[in-house]
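Asker: coords below, sequence missing:
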């Protein structure tokens, strides 16, 4: 159990149990929720990868909410719904600079989040120049497109070059820019946090002799394991990895 836990980047135990119960690991002999619950506890790398500082300046609004009077409900009226197809949404963003430059010269990770499959995919990059971002984006975008999915909308932060905007429009994507200071509307922000937690936990659990300059070689394993832990929105009985890559 501890070996499998390490190969799956020390995910949160409850997340792993949920994924196993959903059938995401049906092809793994002997991997059951009962054995994981019995023999496995949260390891130190799990804690290192998933801890966060508490945000400052947050106050409870319970007292204020108690003095708010709710408006009376409006009278019931007839309403009609029109069914429209939802666009296939993807979001992309980049992490901050990694503390150590990799042997291959990489310093950052660009993360793509696909809403329909609920998949998160990362790709290492040396810098955040426009040409570098365009090349990495096409690598990630083609991974989705080659599997038969056709994203139609991409949501980005409002900091984007004209060249990159032209590339996105060239590949057939409608661009949505998140308003300034409203980064939470870019779903890639939360995807990056999830990816960073997963990656840091796996890196923390590596052998002490593992050279940190090889951190980018762990990205393919991180892409597989994080998506095996997630369920697809198209078919919740499938993992995000199975939905996207089969």
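Answerer: The structure has been received and is ready for your questions. Note that the structure is predicted; figures quoted are calculated from it, not measured.
Asker: next, name the residue at the spatial heart of this structure.
Answerer: By CA atoms, centre = their mean, the chain has its centre lying nearest to residue 191, at 3.0 Å.
Asker: does that one touch residue 120 like I think?
Answerer: Yes. Because the distance of 4.8 Å satisfies CB atoms under 8 Å, residue 191 is recorded as touching residue 120. Every C-beta, even on glycine, is put in place using the N, C-alpha and C of the backbone.
Asker: tell me, what's touching those two both at once?
Answerer: Shared between the contact lists of residue 191 and residue 120 (criterion: CB atoms under 8 Å, 6 or more residues apart in numbering) are residues 111, 113.
Asker: tell me the secondary structure for the residue nearest to the centre of the chain?
Answerer: At residue 191, secondary structure determined by DSSP: H, G, I helix; E, B strand; the rest coil is helix.
Asker: give the contact list for it.
Answerer: The neighbours of residue 191, taking CB under 8 Å, 6+ apart as the test, are 91, 93, 111, 113, 120.
Asker: mind redoing it with 10 Å?
Answerer: Shown in contact with residue 191 (CB atoms under 10 Å, 6 or more residues apart in numbering): 91-93, 111-115, 118-122, 226.
Asker: swap in residue 127?
Answerer: Contacts were defined as CB under 10 Å, 6+ apart; by that measure residue 127 touches 94, 97, 105-108, 133.
Asker: same thing with residue 106?
Answerer: With contacts defined as CB under 10 Å, 6+ apart, the neighbours of residue 106 are 98, 100, 123-127, 213, 215-217, 219.
Asker: please repeat the previous calculation with a cut-off of 6 Å.
Answerer: Residue 106 is in contact with 124, 126, 216, counting by CB atoms under 6 Å, 6 or more residues apart in numbering.
Asker: now residue 142
Answerer: Contact partners of residue 142, counting by CB under 6 Å, 6+ apart, are absent.
Asker: how about the residue nearest to the centre of the chain: what's its closest non-neighbour residue?
Answerer: residue 113 (3.7 Å; CB to CB, 6 or more residues apart in numbering).
Asker: tell me which element the one you found is part of?
Answerer: strand 108-114 (DSSP states H and E).
Asker: neighbouring strands of that strand in the sheet, and parallel or not?
Answerer: Neighbouring strands of strand 108-114 in its sheet, by DSSP bridges, are strand 89-94 (antiparallel), strand 119-125 (antiparallel).
Asker: now for this protein, the helix or strand with the poorest mean pLDDT.
Answerer: The weakest-scoring helix or strand in the chain, judged by mean pLDDT, DSSP states H and E, is helix 62-66 (a mean of 48).
Asker: burial count for residue 232?
Answerer: When counting by other CB atoms under 10 Å, one arrives at 21 neighbours for residue 232.
Asker: from residue 195, how far out is it?
Answerer: The spacing between residue 232 and residue 195, counted by CB to CB, to the nearest Å, is 17 Å.
Asker: now do residue 125
Answerer: Computed as CB to CB, the residue 125 to residue 195 distance reads 14 Å.
Asker: before we move on, what about residue 117?
Answerer: Computed as CB to CB, the residue 117 to residue 195 distance reads 15 Å.
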